[in-house]
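>>> when you get a sec, could you give me coordinates for this:
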Amino acid sequence: MALRLNLYHEVLKVKALKRRDPLKISIYVLSAIAALCAGWYAYELVQMHTINDEYQGKKSEFNKVEPLAKAAKKKEDELNAQAAASTQLVKHIEGRFYWAPLLAQLAQVVPREVQITRLGADITGDGLRRCSISIDGLSAGADPRKVAEEMRTAIVERLSPHYKNVSSTFKTLEDGTEMVMLDGKQVGTATFAIVVQLYTGDEKATPPPRKKK
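Coordinates of the predicted model:
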């Protein structure tokens, strides 16, 4: 029987170990990379969870505050509308035209020989306002046409200190057909129609719809 001795096996063993070392190193490197990736994923997952919790908390707070914000906005709009309406009303009241002083001044220039049968007036504009007054009446006396003329001129003299560009003109002036008693005497009459125009206020405004009186 032949006996064989392999004295080279130690060398072969060392070579085999050297061949396996790079594989182990690669496995270690890959394991380390895998561990890092797993750690990074876990970190990102925790961050995402934290962000989601904050988002849910903010959303819950917003859902609670949103109805209050809508109610506050609605209330603000209502208050703004009321304030605008109040401002407009105050402005309208402060800038309105008062007829009573004008009519009182006209009444002071009507002599006892004149009877007013019709009075109409209207005003246009906002700021600089144009007022037009029509006066129909009956005058009596020895010279009824003169009585009407004196009243026409008295209107201008009376209103000019208080208003701008006052004018008073006859639309009609005719002898009447009837006689009336004045101071116990029968006197003649005349019918007339006077148009009075005047301006009041300033020019810094736009004309509104016509107001009739």
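>>> buried ones in stretch 152-159?
Neighbour counts using 16 or more other CB atoms under 10 Å place R152, A154, I155, R158, L159 of stretch 152-159 among the buried residues. Any C-beta I mention is one placed from the backbone N, CA and C, and that applies to glycine too.
>>> chain center to it: distance?
Relative to its chain's centre, stretch 152-159 lies at 42 Å (CA atoms, centre = their mean, to the nearest Å).
>>> for it, what is the average pLDDT?
Average pLDDT, stretch 152-159: 94.
>>> how about that stretch as CSV, C-alpha atoms only?
Only the C-alpha atoms of stretch 152-159 are listed here, as CSV (Å, rounded to 0.1, in the frame of the first residue of the first chain):
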residue,chain,number,x,y,z
ARG,A,152,-92.4,140.2,-8.2
THR,A,153,-89.6,142.7,-7.5
ALA,A,154,-90.1,142.2,-3.7
ILE,A,155,-89.4,138.5,-4.1
VAL,A,156,-86.0,139.2,-5.6
GLU,A,157,-85.1,141.8,-3.0
ARG,A,158,-86.1,139.5,-0.2
LEU,A,159,-84.4,136.3,-1.4
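>>> list the neighbours of that stretch that are in contact with it.
With contact meaning CB atoms under 8 Å, 6 or more residues apart in numbering, stretch 152-159 is reached by 102, 105-106, 108-109, 166-170, 194, 196, 198.
>>> which of those residues fall within strands?
Among those, the ones falling in strands (DSSP state E) are V166, S167, S168, T169, F170, I194, V196, L198.
>>> same list, those, but as a markdown table with pLDDT, distance to I133 and neighbour count please.
Putting these into a markdown table (pLDDT from 0 to 100; distance: CB to CB, whole Å; neighbours: other CB atoms under 10 Å) gives the following:
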| residue | pLDDT | distance to I133 | neighbour count |
| --- | --- | --- | --- |
| V166 | 93 | 10 | 18 |
| S167 | 94 | 11 | 13 |
| S168 | 94 | 9 | 22 |
| T169 | 94 | 11 | 11 |
| F170 | 93 | 13 | 14 |
| I194 | 95 | 8 | 20 |
| V196 | 95 | 4 | 21 |
| L198 | 93 | 8 | 22 |
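>>> and the furthest pair within those?
Pairwise distances across the ones in strands among the contacts of stretch 152-159 (CB to CB) peak at 16.5 Å, for the pair F170 and L198.
>>> between the buried residues of stretch 152-159, which sits nearest I25?
Of these, the one sitting nearest to I25 (CB to CB) turns out to be L159, at 116.4 Å.
>>> ok, so what distance separates the closest one from F170?
16 Å (CB to CB, to the nearest Å).
>>> gap between Q186 and K146?
From Q186 to K146 the distance is 18 Å (CB to CB).
>>> the domain parsing of the chain - what is it?
8-96, 99-212 (automatic domain parsing).
>>> okay, the ones you listed, which one's buried deepest?
Each of those was scored by mean neighbour count; the highest is domain 99-212, a mean of 15, by mean count of other CB atoms under 10 Å.
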